[in-house]
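J.: Generate coordinates for the sequence data below:
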Amino acid sequence: MNKQQLSNALHVGGTLENALSGNYTLSASSVVQEAVKLTQKHFWQFLPATVVLTIAHVLIFLVALTIMQGTPYTVMEAFIGKRQMTPDLLASARIAVFAATVLSAPLYAGASLMGLSHAIGFRTKPRHIIKGLAYALAVTLAMSFINALQSFSSQLIPLLGIFLGITFSMTILLICEKRLRPVEAMIVSFRAIIKKLIPLTLVYIVIAILFVFSYATAGLALVWALPFMFNVKGVLYREMFGVGIEVTVSQEGDDDSSSDDGNKEVFNA
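T.: Modelled structure (predicted):
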């Protein structure tokens, strides 16, 4: 029996050209509402992946502190007020945060791709967190550039660091889904987001409130806040840049019958 496969590419959401020209609509309330629904729908499948990301981030942070201070407890005690926060301890903490953020970038990319999959109607599995490893070098470089710029700008003007964090927020997904180079992805993210800065800022304020609430609950609310954040990014990316999906149709060559799974949609990023 001969089989023939026909592939067609579909595009969901916005386009790169429209994003750069600002020719896209974005409602902060609609984005948040959709992200809430996606988080509820995919919560239990997504939670293990975000837990893995969190554990990796914390472990790298603690290892970096141990390398610099001999033990992470001195910095932790300074943060809770049991000892004085010296410039040396503060510098160690900043370096450790930088190292944790940069070195966990491939897992962050994997979680971002999972959120994007949810936004275009695909289900994910916890193991999909490792999809970001395919872009490890590019996303690590991008995260290094972004965090270095944020750190430097925050010391000059604190709000400038927040501004850069928002405007570069689509960089990782642009690298993974559009295959852009790190600096190119940063520029595209900045140019597109600056066109709709107010609604995007409102969305990120909601995320910030959730993270503040998470700290108030000793981190317990992170089990919801992290999946929600990645789903928000997925919805935003879909609306701004759009996503390419490959649809493969299998046809039978000898008869007119076809199996129920003849059509298969594949999100390749």
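J.: center of the protein - which residue?
T.: For the chain, the residue nearest the mean C-alpha position is Ser112 (3.3 Å; C-alpha atoms, centre = their mean).
J.: can you pull the contacts of that residue?
T.: Taking C-beta atoms under 8 Å, 6 or more residues apart in numbering as the criterion, Ser112 is in contact with 132, 172-173, 176, 230, 233-234. C-betas here are computed from N, CA, C, even on glycine.
J.: out of those, which are buried?
T.: In terms of neighbour count (16 or more other C-beta atoms under 10 Å), the buried residues within the contacts of Ser112 are 132, 172-173, 176, 230, 233-234.
J.: mind listing which of these are in helices?
T.: Counting by DSSP state H, the buried ones among the contacts of Ser112 place 172-173, 176, 230, 233-234 in helices.
J.: Looking at those residues, spot the one nearest Trp44.
T.: Of all these, Phe230 has the smallest distance to Trp44: 14.8 Å, by C-beta to C-beta.
J.: and the closest one, what is it in contact with?
T.: Contacts for Phe230 (C-beta under 8 Å, 6+ apart) come out as 46, 50, 111-112, 114-115.
J.: now, which of those lie within helices?
T.: Judged by DSSP H, the subset of those located in helices is 46, 50, 111-112, 114-115.
J.: number of nearby residues for the nearest residue to Val52 once chain neighbours are set aside?
T.: Nearest residue to Val52, sequence neighbours excluded (C-beta to C-beta, 6 or more residues apart in numbering): Ile129, at 5.6 Å. Using other C-beta atoms under 10 Å, the number of residues around Ile129 comes to 25.
J.: In this structure Ile129 contacts Leu53, no?
T.: Yes: shown here, Ile129 and Leu53 form a contact pair, counting by C-beta atoms under 8 Å, at 6.7 Å.
J.: Tell me the residues that contact both of the two, please.
T.: 107, 110-111.
J.: need the helices for the stretch 51-200 of the chain, in chain order.
T.: Along the stretch 51-200 of the chain, the stretches classed as helices by DSSP state H, counting those that start in this stretch are 73-79, 87-103, 105-119, 136-156, 158-167, 171-177, 182-195, 197-216.
J.: quick one, which of those helices is nearest to Gln33?
T.: helix 197-216 (10.6 Å).
J.: For the closest one, which outside residues touch it?
T.: Contacting residues not belonging to helix 197-216 are listed as 26-28, 31-32, 166-167, 169, 193, 220-222, 224-225, 228-229, 232, 236 [C-beta under 8 Å, 6+ apart].
J.: and what of stretch 166-177?
T.: Stretch 166-177 is contacted from outside by 105, 108-109, 112-113, 116, 131-132, 134-135, 138-139, 142-143, 146, 149, 180-182, 185-186, 188-190, 192-194, 197, 200-201, 204, 233-234, 236-237, 240-241, 243-244, 269, using C-beta under 8 Å, 6+ apart.
J.: Can you pull the phi and psi angles for Leu10?
T.: Backbone torsions for Leu10, taken as degrees, to the nearest 10, come to phi -110, psi 160.
J.: ok, it touching Gly244?
T.: Yes: shown here, Leu10 and Gly244 form a contact pair, counting by C-beta under 8 Å, at 7.4 Å.
J.: Compare the two and say which is more crowded by neighbours.
T.: Counting neighbours by other C-beta under 10 Å for Leu10 and for Gly244 shows that Gly244 has the greater number, 15 against 11.
J.: That one and Gln155, how far apart?
T.: Gly244 sits 40 Å away from Gln155, taking C-beta to C-beta, to the nearest Å as the criterion.
J.: out of the ones in helices among the contacts of Phe230, who has the most neighbours?
T.: The residue in those with the most neighbours, by other C-beta under 10 Å, is Gly115 (31 neighbours).
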